[in-house]
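Student: Sequence unavailable; structure follows:
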């Protein structure tokens, strides 16, 4: 975890030259919210941070207090879906500090792979992590207090904008980081869910963009997930698009399992998004002396696992 400065340290800290607004000194977790009732839903915060790529370089980044983006109606994100996003969390800790989970590698590398696949400019690690620290510092009061089981969800995203009528790389790009205090993604906490195996729909094609966190991957799941929820299944699981034989992943998260020998098992496929949480759990499993298997997983063997979980 990356420790972030907070409280009085914020007032003493030297502001970088690209910071546009002087913020009052404020402690984290002091917003007037019912912290114990947080859901994974929108909560207004102070601001977001916005960078613009134009003429081959990124801007210095601007703190913006209105939750809106101005862009041309012919922006490629609106017509061709040129967009990626990430998701990570900042937590309060028992010692009074706050920390960002997995600040190095993980999300930065995954966004870089996605940018390369979708033809977008790379967001370097210093800019990515610097943007997160800047916007978290501007929204400290929305970091849920320690012990409430909440977190400040951080949503970095990048998309193509500027006027362009044809398919191709956009003339401009926006990189934005927004934050939102959240509770559990599924109501009820860590309890078992009924899952539906999708047979009517495919999530991603082989050699497509299923392995990057593109917005369009999730758009394709809106109808399948809605239909599954209406039938009483809060989560769906997808099989491979070629044979419908192998497990790929759940609609919003990776598939993981513990087999009867105590091994940690997760599917291997180029169409699966590389989960930072899954990466972390594999390392923890190794540290605990467990066997770790990242391999093709046939759907036929799912019933033989001791445990199955969605991770992300």
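Tutor: Perfect, thanks for sending it. Note that this is a predicted model, so its numbers are computed, not measured.
Student: Grab the nearest non-local neighbour of the spatially most central residue of the chain.
Tutor: The residue lying closest to the centre of the chain (C-alpha atoms, centre = their mean) is residue 87, at 1.9 Å. Leaving aside its sequence neighbours, residue 87 sits nearest to residue 155 (C-beta to C-beta, 6 or more residues apart in numbering; 5.9 Å). All C-beta atoms are positioned from the backbone trio N, CA, C, and that covers glycine.
Student: Ok, residue 231 next?
Tutor: The nearest residue in space to residue 231 (C-beta to C-beta, 6+ apart) is residue 196, at 6.8 Å.
Student: does that neighbour count as helix, strand or coil?
Tutor: Using DSSP: H, G, I helix; E, B strand; the rest coil as the criterion, the local structure at residue 196 reads strand.
Student: I'd say it and residue 233 touch.
Tutor: Yes: using C-beta atoms under 8 Å, residue 196 is in contact with residue 233, at 3.7 Å.
Student: which ones are touching the residue nearest to residue 231?
Tutor: 228, 231, 233, 235, 236, 237 (C-beta atoms under 8 Å, 6 or more residues apart in numbering).
Student: Name all residues that make contact with the first one.
Tutor: For residue 228, the contacting residues are 196, 198, 234, 235, 236, 251, taking C-beta under 8 Å, 6+ apart as the criterion.
Student: now the stretch 151-300 of the chain, which segments are flagged as low pLDDT?
Tutor: The model of the stretch 151-300 of the chain has pLDDT under 70 over residues 187-189.
Student: Now do the helices in it.
Tutor: For the stretch 151-300 of the chain, the helices defined by DSSP state H, counting those that start in this stretch cover 215-219, 222-230, 276-287.
Student: what about the strands in the stretch 51-200 of the chain?
Tutor: Secondary structure of the stretch 51-200 of the chain by DSSP state E, counting those that start in this stretch: the strands cover 57-58, 62-64, 83-85, 88-92, 98-100, 151-161, 172-182, 195-198.
Student: Tell me which of these sits nearest to residue 298.
Tutor: Of all these, it is strand 195-198 that lies closest to residue 298, at 12.8 Å by C-beta to C-beta.
Student: quick one on the thing from earlier: can you give me the pLDDT of the residue nearest to the centre of the chain?
Tutor: Looking at residue 87, its pLDDT is 94.
Student: follow-up on the earlier one: farthest pair in the contacts of residue 196?
Tutor: Of all pairs in the contacts of residue 196, the most separated under C-beta to C-beta is 231 and 237 at 13.8 Å.
Student: And these two? Which one has more around it.
Tutor: Applying other C-beta atoms under 10 Å to residue 231 and residue 237 shows that residue 237 carries more neighbours, namely 22 against 9.
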